[in-house]
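Peer 1: sharing a model that was predicted from the sequence below.
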Amino acid sequence: MSLFTHIPARKKPGADFALRLEDDALAPCLHRGATAYLVRSVDLSDGEVGLFYAREGLVFRQYCEDMRGTVYLFSLDRSRAQDDRMFPPGTELPVCYGKVLLAHPPELPMD
């Protein structure tokens, strides 16, 4: 099952591509049927949301790196916390295809 449909990004200045969401992977920020606008970037800051290629395919995850260099990719929908991923220093990270353009990055999870 596809998580999104690729669509033209003409409606959002600065966006390189856009995806129409086929599920609630970006809830509570964006819901099924909404358009996620992305800029091609692999340079994410803590709390920003990216599109990554991981073992389960293309996924949206919130990025965070701690002071020791461990990278965390959090599911925005905290009912899917079991889908969070952790990458200790020296571990190969999933490929980041772009940063989701949001008015405000969501807060990082506290759990």
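Peer 2: Good, I have the coordinates. Residues are numbered from 1 along each chain as shown.
Peer 1: my guess is residue 27 contacts residue 76, does it?
Peer 2: Yes - at 6.5 Å, residue 27 counts as touching residue 76 under the criterion of Cβ atoms under 8 Å. (Each C-beta comes from the backbone N, C-alpha and C, glycine too.)
Peer 1: strands of this protein, start to end?
Peer 2: Taking DSSP state E, the strands of the chain run over residues 4-7, 17-21, 35-39, 49-54, 57-65, 71-74, 85-87, 95-100.
Peer 1: which of those strands comes out lowest on mean pLDDT?
Peer 2: Out of those, strand 4-7 stands lowest, with a mean of 61 (criterion: mean pLDDT).
Peer 1: which among the strands of the chain is found nearest to residue 108?
Peer 2: Taking Cβ to Cβ, strand 57-65 is the member of these nearest to residue 108, at 5.6 Å.
Peer 1: run through who's touching the closest one.
Peer 2: Here strand 57-65 makes contact (Cβ atoms under 8 Å, 6 or more residues apart in numbering) with 3-4, 25-26, 36, 44-54, 71-76, 83, 85, 96-97, 100, 105-106, 108-109.
Peer 1: show me how to select, in PyMOL, the buried members of the residues you listed.
Peer 2: Buried subset of those, written as a PyMOL selection, criterion 16 or more other Cβ atoms under 10 Å:
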select buried, resi 3+4+25+26+36+44+48+49+50+51+52+71+72+73+74+75+76+85+96+97+100+105
